[in-house]
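J.: using only what follows, build the 3D model:
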Amino acid sequence: MIALLTDFGTKDGYVGAMKGVIKAISPTTSIIDISHEISPQNVAEAKFVLWTVCRYFPPRTIFVCVVDPAVGTNRKIIALKTKDHTFLAPDNGLLDMVLGQYKIKKAVEVTNERYFLKNVSNTFHGRDIFSPVAAHLANGIKFGALGRAISLNKSEEVIVHIQRRVQCGGIIIYVDRFGNLITNFKMKRMRSALLRINDISIPLKATYGEVGEGEFVAYFGSSGLIEIAVRNGNAQHKTSATYGSAVDLIAKET
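T.: Reported below is the predicted structural model:
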């Protein structure tokens, strides 16, 4: 199985071209779309989306991640293997949360042009490099045939684990389509807590329905991280917060 994550959208033929290349090389391989609506060039957004979904895919899935503002430059394309999955991405931080979460068994710089399309475009490596490489991997070529082995430093943990009475600072690491703000705070169980962002204090609750229409609420989102929302509203608009915005948390045992 190959899973695609890009910022290409679906209006143009970019995603279709990638799928056509994959099927031409590996006709029986199934293809799943994670998302093609990552904001243009937003590596931070892609990084979070990949981290939240990859754990739910079956073993041997190949993740093809193309959010690549530096396409055509001397930036590297890297491939890495974990216990269960393979990831292909530009070397631009897109895989940082995967690197921080999973043990990497092997990593290579993708340089073997034998597995590229001929006449590689300077602006569409998704079609000309990522797609054929993924298809050849699905067909069973050896991982090491893609290029030289490289060492990847384990990324610094993005998630802040709250384990006791504490006051600490974090950041917004994702904004979803509803305007909900996903923080990098994680707690193992519900506690009495208060979040503060841009001088707005927000109580931690179980779900949206525990506050009134238009009120702020913080809660445990489906990713396991604490999120900030406005019930039937848009927290990003009401706070003017975005990626990297500071947020504070005060938690106590209940």
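
J.: where in the stretch 151-254 of the chain is pLDDT low?
T.: 164-165, 252-254 (pLDDT under 70).

J.: which residues in it form strands?
T.: Secondary structure of the stretch 151-254 of the chain, counting by DSSP state E, counting those that start in this stretch: strands at 160-162, 166-175, 181-183, 185-187, 192-197, 200-203, 216-220, 226-230, 246-252.

J.: to residue 74, which of those lies closest?
T.: Evaluated over those, closeness to residue 74 peaks at strand 166-175, with 28.3 Å, by C-beta to C-beta. (C-beta placed from N, C-alpha, C; glycine too.)

J.: which helices and strands sit right next to that closest one?
T.: Using 3 or more C-beta pairs under 8 Å, 6 or more residues apart in numbering; DSSP states H and E, the elements in contact with strand 166-175 are helix 43-53, strand 160-162, strand 181-183, strand 246-252.

J.: direction included, what does the second one pair up with?
T.: When sheet partners are counted by DSSP bridges, strand 160-162 sits next to strand 185-187 (parallel).

J.: now the third one
T.: Using DSSP bridges, the strands paired with strand 181-183 in its sheet are strand 166-175 (antiparallel), strand 226-230 (antiparallel).

J.: mind listing residues that contact the longest one?
T.: Spelled out, that is strand 166-175. Here strand 166-175 makes contact (C-beta atoms under 8 Å, 6 or more residues apart in numbering) with 44-45, 48-49, 158, 160, 162, 181-185, 197, 225, 236, 241-251.

J.: need the buried ones from the residues you listed selected in PyMOL.
T.: This is the PyMOL syntax for the buried subset of the contacts of strand 166-175, where burial follows 16 or more other C-beta atoms under 10 Å:
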select buried, resi 44+45+48+49+158+160+162+181+182+183+184+185+197+225+236+241+243+245+247+249+251
